[in-house]
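Q: Sequence first, then the predicted structure, then my questions.
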Amino acid sequence: MCGTHNFMKRVLVLFFRFMLFCIVFGFLSFIFVFAIFPKIQTIPLFSKLHIFKNISDNVTVINTTKEITIRQDIAYADAIRKSSKALVYISADTHDTKTLSSETLGKSVSVAGVVLTNDGLIACDPDILHGDAINYSVRIGEEKIVSAKFLGIDTFLGVAFLKSDSSDLPIISFSDKQLSLGDTIAVLAQPVFSHVARAYFSTIMEDAKQFNTSPTISAFTEFYEGVFLLHEKNSTMSEFGVAIDDEGKLIGFVNVKMIDGNRYPYLLPIERVKKIMGHISSEYFVQVKSFMFGAYYRSLDAEYAHRFGLDREQGAWIMFPGAKQGTVLISGGIAQKIGLRLGDIVEKVNGVKVDVNNPLSNLVHDAMLESEMIKIDIFRKGNSMQLEFKK
């Protein structure tokens, strides 16, 4: 009996020693492969040995992210060089702070922008300092500086515009590329304390048809809907950037929306900016600023309509969770003046169907640009009707 007990004791001791050996050996192997081996591999004498070459081939996956980034840098090198020629840095200078409004104080005195047209139209960060007593200097490259006039901020799109008198500025080409999920884009932004363009890469994560650029979560027609959400690979990405494709052509503008303390970087497609370029004037910005549709709503799809028992699967449902008539429709807005009510479903704006691809806010904005009369087809309590509003 005693002999059996001693035998079992020796077996357990050997087992625990073996387990301790495996743990120590595994730990040392890990240290060697990931810490010591890469340094040994850099020694010319060892790097030529067959065994080190085979091991190296098996562990290169560790550097996959770095290698992909390097390949992106190489692939986009010419595109970045080409488009950077049209990238500008705008400085706002004022010696009379008394003329600035409270909403202007705290704005940036230096922002990035890009030249859009041969006659000097420049799009830039909407956070730029603006006011009557401000002089604007536009730097192109390292040496050339020209003056510019502030035109205004399109508060709907979230882009500011300036105009330079110089007609020989390098311009950027517009891309006609159709973007899709997973596409990689390069973003040019202004680095801190430098006039050299900083480029980083991002990936289109979601075609956010019901995401709008409002500072609040709810859909609200004073802000643009239907943008591309981006994967934020760089946590220090600029608040505003110029997005280009692999040919160096402009595909849109990148900005960031804050929701509950979280950052949501998004891409505003260049098609929207191109649409307003022919309308840009001092009168246009007065119109955009004074325009307020003034209604909360939810863009409909089949699933949402079925969940709430609605008779329409497309359109914009004038509503807000738990809201009453006075909180959904804002006093003085077009929605109130035209006669919209809580529960209405807006189906068309000037003959164009409202759906997730053509959200209500964008269609109303376009109608304000293109016609004097806005006609809105709605569905109300089982009846279809048309409401009209003259600008």
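A: That came in fine, so what should we check first?
Q: Run through the stretch 51-200 of the chain and note the low-pLDDT ranges.
A: Scanning the stretch 51-200 of the chain for pLDDT under 70 picks out 51-74, 95-108, 131-133, 190-197.
Q: And the strands in it, which stretches?
A: Using DSSP state E, counting those that start in this stretch, the strands assigned to the stretch 51-200 of the chain run over residues 87-93, 110-115, 121-124, 135-140, 144-154, 159-164, 184-189, 198-212.
Q: Now those strands in CSV, please, with extra columns for distance to Trp317 and mean neighbour count.
A: In this view, the C-beta of every residue, glycine as well, is placed from N, C-alpha and C. Below are these laid out as CSV (distance: least, C-beta to C-beta, whole Å; neighbours: other C-beta atoms under 10 Å):
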stretch, distance to Trp317, mean neighbour count
strand 87-93, 41, 22
strand 110-115, 38, 22
strand 121-124, 34, 24
strand 135-140, 43, 18
strand 144-154, 27, 17
strand 159-164, 29, 22
strand 184-189, 33, 22
strand 198-212, 12, 18
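Q: Put together CSV for those strands, with distance to Asp311 on each row.
A: Shown next, in CSV, are the strands of the stretch 51-200 of the chain (distance: least, C-beta to C-beta, whole Å):
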stretch, distance to Asp311
strand 87-93, 51
strand 110-115, 46
strand 121-124, 42
strand 135-140, 53
strand 144-154, 36
strand 159-164, 38
strand 184-189, 40
strand 198-212, 20
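Q: Can you tell me which of these is nearest to Leu268?
A: Of all these, it is strand 159-164 that lies closest to Leu268, at 7.3 Å by C-beta to C-beta.
Q: Who are the packing partners of the closest one?
A: strand 110-115, strand 121-124, strand 135-140, strand 144-154 (3 or more C-beta pairs under 8 Å, 6 or more residues apart in numbering; DSSP states H and E).
Q: can I assume Gly26 sits in a helix?
A: Yes: with DSSP: H, G, I helix; E, B strand; the rest coil as the criterion, Gly26 is part of a helix.
Q: measure it to Leu20 for me?
A: Distance of Gly26 to Leu20, given as C-beta to C-beta, to the nearest Å: 11 Å.
Q: any idea how far Asp311 is from Ala335?
A: 21 Å.
Q: Can you tell me who the residue nearest to the spatial centre of the chain pairs with across the strands?
A: Geometric centre of the chain, nearest residue: Tyr266, 1.7 Å, by C-alpha atoms, centre = their mean. Beta-bridge partners recorded for Tyr266 (DSSP bridges): Leu229, Asn255.
Q: May I ask you to confirm that it is in contact with Phe211?
A: Yes: between Tyr266 and Phe211 there is a contact at 6.9 Å, judged by C-beta atoms under 8 Å.
Q: ok, now which ones touch Ile376?
A: By C-beta atoms under 8 Å, 6 or more residues apart in numbering, the residues touching Ile376 are 338, 340, 346, 348-349, 386-389.
Q: count of residues packed around the nearest residue to it once chain neighbours are set aside?
A: Once flanking residues are discounted, Ile376 sits nearest to Leu387: 4.9 Å by C-beta to C-beta, 6 or more residues apart in numbering. A count of nearby residues for Leu387, using other C-beta atoms under 10 Å, gives 17.
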